[in-house]
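# Starting from these lines, generate the structure:
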Amino acid sequence: MPICPQCDEEYEPGGELCPNCGETLVEEPAEDDDHLGAMVEVHEAQSPEEARTLLAFLRSHDLPARAAEADELHIEAPEEMALHAKELIGEFAMTGEDDGAAEEEFPEDAKGEAYEE
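Numbers count the residues shown, from 1 in each chain. The predicted model follows:
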């Protein structure tokens, strides 16, 4: 049965994405991350979409981040990598690597209206 690596929930075959968090379902659970040691919070996302985007970004930089068990908006990383994770999140925010982030801040009908004369 497909399993969500984020929520650890099992789903009926046929689905590709977790209906809870949108993570891609896998056929086998990931290795237990107890070998990572203590996990600490490195960021609190404003939305589930932001959390998923940041998790994907951190993982693309080989940082084993995860959503906290209690709340998917709280992103955790291994304690010994927490500073690096926070630096990456800061770089991500400054460079705007999420092309859609700026668009989410303004409603579609309000874009460009502030400077129209």
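
# quick check, E41 in a helix?
No: following the definition DSSP: H, G, I helix; E, B strand; the rest coil, E41 is strand and is not counted among the residues of a helix.

# residues contacting it?
Listed by CB atoms under 8 Å, 6 or more residues apart in numbering, the contact partners of E41 are 68, 74-76. In short, each C-beta sits where N, CA and C put it, glycine included.

# Equivalent analysis for G22, please.
When contacts are counted by CB under 8 Å, 6+ apart, G22 is found next to 48, 52.

# In this structure L73 contacts R52, no?
No: applying CB atoms under 8 Å as the test, L73 and R52 come out as separate, 10.4 Å apart.

# Who has more neighbours out of those two?
Between L73 and R52, counted using other CB atoms under 10 Å, the more crowded position is R52 (18 against 15).

# Isn't the more buried one up against C21?
Yes: when contacts are counted by CB under 8 Å, R52 is listed as touching C21 (6.8 Å).

# Among the contacts of E41, which ones are in strands?
The subset of those located in strands under the criterion DSSP state E comprises 74-76.

# Can you give me the distance of E50 to P2?
Plainly put, E50 is 25 Å away from P2 if you go by CB to CB, to the nearest Å.

# Need the overlap of contacts for L73 and R52.
With CB under 8 Å, 6+ apart applied, the contact sets of L73 and R52 do not overlap.
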